[in-house]
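*Asks:* Give me a model of this one.
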Amino acid sequence: MNVRYRVLSGLFLLSTITYLDRVCMNVVSKYVKADLHLDNQEFGWILGAFSLSYALFEIPTGSLGDTLGPRRVLTRVVFWWSGFTALTGLAFNFVSLLVVRFLFGAGEAGAYPNASIVIARWFPAVETGRAQSVIWAAGRLGGALTPLLVIPLVHWAGWRWAFGLLGILGVLWAIGWYTWFRDEPADMPGITSAEVAKIETGRNLKPSDHRIPWTTIIRNPDLWALMLMCHLFFYGSYFFTNWSSVYFQEGRGLSEDETKNFISLSYFLGAIGCLVGGGLSDVLTRRYGLKIGRRAVGVTGLGLSSLFFLLAGLTEDNQMAGYLLATCVLMKDLALPVAFAVCVDIGQRNAGTVAGSMNFAGQLGGFFITILFGIIVEQTKNFNYPLFMIAGCLLVSALLWFHIDPTKPVSVK
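*Replies:* Residues are numbered from 1 along each chain as shown. Next up is the predicted model:
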């Protein structure tokens, strides 16, 4: 196996662990709420604390990866978040859980921007979309596995021990990554000169392009369109990450087993969407060019997801709502690896900064929907109103792809 694919395997495992840790709170929500006496509005602030801190630390951690390299930064990121994943199990009231989840988000921030740095340095341009799709499919696989693994664990040992065991997984990954990985392909033991040459095909990763002035980022309309697109996209993503369990059980009256199955199905279809979206984008790019190759997948995936969110909110059939929402994940996740591929397309050596900027905007969207969902549901007792709002956000997100040009690098002028 080529060394770059072994590197991708390491990122695959990282992304899987990331979503195991992230989705765990959603899966155990009814146990945490009951144990700590939280209503949906309070629980929304708990969930939102993660999204807010994640957003605030995205750009600094992505920029740090551009400067120090993803080996050191990813190691720090995973050690930090794994520690606070374990500490989640020690929370004893609203405030303590709020603080721990905020610090957990601060630690996990930068994981995907730094993964994008690895992709930018380790993969040729024609493999960027597929490499991103593998990383994001792994995250969806982690989300699919979470209810299947965590719910039996909670029944056996309690929700607090579930977080402790997940924290250990991250620590083991961080030790292995720091020991084995190298930032530059040429420095990696066992790699051939032929593979190094293959990796450098079509890349423009000059050390002189190491930093982008913030004025260049602020004045770039394509980056603003990319950030707004991701902001609205994450309204859909964080519904599944944070609220789907509550929606199915409290809003639709489904059992824990039915909820577990729909959450797993959603993330499993999301993994398929990521793989198909990234691969399809690369195929279309080779045939029709980078602009069409990226835009076509983004517009189609998010447009269809918007439609299925609307239909899920309108249907009175609870089982049908579950299947429609699972299909939403399939459709919207076609665009996810493509968005991060665009960060590599336009960011090049500064892919971490660009991906951090985009993900910062996305995480703010995750924060807003997390808070708004809890408030709307608590005040109106209607669990479908937020779905209509999300459908509108995804439609606008789809249209924004027409304003994103992946052929224009963000560079110093």
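
*Asks:* my read: I151 touches K260, true?
*Replies:* Yes: between I151 and K260 there is a contact at 5.7 Å, judged by Cβ atoms under 8 Å. (C-beta placed from N, C-alpha, C; glycine too.)

*Asks:* overlap in contacts of those two?
*Replies:* Jointly contacting I151 and K260 under the rule Cβ atoms under 8 Å, 6 or more residues apart in numbering are V27.

*Asks:* contact partners of stretch 266-274?
*Replies:* Residues contacting stretch 266-274 (Cβ under 8 Å, 6+ apart): 19, 23, 133-134, 136-144, 146, 240, 244, 301, 325-334, 336-337.

*Asks:* Low-confidence bits of this structure, can you list those?
*Replies:* For the chain, the stretches flagged by pLDDT under 70 are 202-218, 411-413.

*Asks:* what's the nearest residue to L103 if we skip its chain neighbours?
*Replies:* F84 (5.0 Å; Cβ to Cβ, 6 or more residues apart in numbering).

*Asks:* name the element the one you found belongs to?
*Replies:* helix 70-88 (DSSP states H and E).

*Asks:* For the stretch 1-150 of the chain, which segments count as helices?
*Replies:* Using DSSP state H, counting those that start in this stretch, the helices of the stretch 1-150 of the chain run over 3-27, 29-36, 40-68, 70-88, 94-108, 111-122, 128-157.

*Asks:* Of those helices, which is nearest G190?
*Replies:* Minimum separation from G190 across the helices of the stretch 1-150 of the chain (Cβ to Cβ) falls at helix 3-27, 6.1 Å.

*Asks:* Where is the longest helix in the protein?
*Replies:* For the chain, the helix with the greatest residue count under DSSP state H is helix 256-288.

*Asks:* elements contacting the helix or strand following it?
*Replies:* Next in sequence after helix 256-288, counting helices and strands by DSSP H and E, comes helix 290-314. Packing partners of helix 290-314 (3 or more Cβ pairs under 8 Å, 6 or more residues apart in numbering; DSSP states H and E): helix 221-238, helix 256-288, helix 318-332, helix 336-347, helix 385-400.

*Asks:* Can you check what angle separates helix 290-314 from helix 385-400?
*Replies:* 160 degrees (axes from the mean of the first three to the mean of the last three Cα atoms, to 10 degrees).

*Asks:* Roughly how far does I119 sit from A341?
*Replies:* Relative to A341, I119 is positioned 8 Å away (Cβ to Cβ, to the nearest Å).

*Asks:* Could you pull up the contacting residues of the residue lying closest to L98 once chain neighbours are set aside?
*Replies:* Leaving out its chain neighbours, the residue that sits closest to L98 by Cβ to Cβ, 6+ apart is A49, at 5.1 Å. By Cβ under 8 Å, 6+ apart, A49 lies in contact with 98-99, 101-102, 105.

*Asks:* Equivalent analysis for L330, please.
*Replies:* 269-270, 272-273.

*Asks:* Which two of the residues you listed have the greatest separation?
*Replies:* Maximum pairwise distance among the contacts of L330 (Cβ to Cβ): 7.2 Å, between G270 and I272.

*Asks:* quick one on the thing from earlier: turn the helices and strands packed on helix 290-314 into JSON lines, including distance to E42.
*Replies:* JSON lines is the format used below for those (distance: least, Cβ to Cβ, whole Å):
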{"stretch": "helix 221-238", "distance to E42": "17"}
{"stretch": "helix 256-288", "distance to E42": "21"}
{"stretch": "helix 318-332", "distance to E42": "25"}
{"stretch": "helix 336-347", "distance to E42": "30"}
{"stretch": "helix 385-400", "distance to E42": "17"}
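
*Asks:* Ranking those helices by mean neighbour count, which comes first?
*Replies:* helix 336-347 (a mean of 29; mean count of other Cβ atoms under 10 Å).

*Asks:* Remind me what it packs against, helices and strands.
*Replies:* For helix 336-347, the packing partners by 3+ Cβ pairs under 8 Å, 6+ apart are helix 111-122, helix 128-157, helix 221-238, helix 256-288, helix 290-314, helix 351-380.

*Asks:* what about dumping the CA coordinates of that helix to PDB?
*Replies:* Extracted C-alpha coordinates of helix 336-347, given in PDB (Å, rounded to 0.1, in the frame of the first residue of the first chain):
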ATOM      1  CA  LEU A 336     -19.500  17.900   2.600                       C
ATOM      2  CA  PRO A 337     -16.200  16.500   1.200                       C
ATOM      3  CA  VAL A 338     -16.500  18.800  -1.800                       C
ATOM      4  CA  ALA A 339     -16.600  21.900   0.500                       C
ATOM      5  CA  PHE A 340     -13.400  20.800   2.200                       C
ATOM      6  CA  ALA A 341     -11.900  19.900  -1.200                       C
ATOM      7  CA  VAL A 342     -12.500  23.500  -2.200                       C
ATOM      8  CA  CYS A 343     -10.600  24.600   0.900                       C
ATOM      9  CA  VAL A 344      -7.600  22.700  -0.500                       C
ATOM     10  CA  ASP A 345      -8.200  24.000  -4.000                       C
ATOM     11  CA  ILE A 346      -8.200  27.600  -3.000                       C
ATOM     12  CA  GLY A 347      -6.100  27.400   0.100                       C
END
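
*Asks:* one step back: from the contacts of L330, pick the one nearest Y5.
*Replies:* Of all the contacts of L330, I272 has the smallest distance to Y5: 20.3 Å, by Cβ to Cβ.

*Asks:* how far away is that closest one from L280?
*Replies:* Relative to L280, and taking Cβ to Cβ, I272 is found at 12 Å.

*Asks:* before we move on, what about G347?
*Replies:* From G347 across to L280, the span is 22 Å (Cβ to Cβ).

*Asks:* What is the neighbour count of the closest residue to N359 other than its chain neighbours?
*Replies:* Spatial nearest neighbour of N359, excluding adjacent residues (Cβ to Cβ, 6+ apart): E58 at 4.7 Å. A count of nearby residues for E58, using other Cβ atoms under 10 Å, gives 29.

*Asks:* Verify the contact between E58 and A109 for me.
*Replies:* Yes: with contact defined as Cβ under 8 Å, E58 reaches A109; the gap is 4.9 Å.

*Asks:* Tell me the residues that contact both of those two, please.
*Replies:* Common neighbours of E58 and A109, using Cβ under 8 Å, 6+ apart, are Q363.

*Asks:* Isn't W80 up against G107?
*Replies:* Yes: between W80 and G107 there is a contact at 3.2 Å, judged by Cβ under 8 Å.
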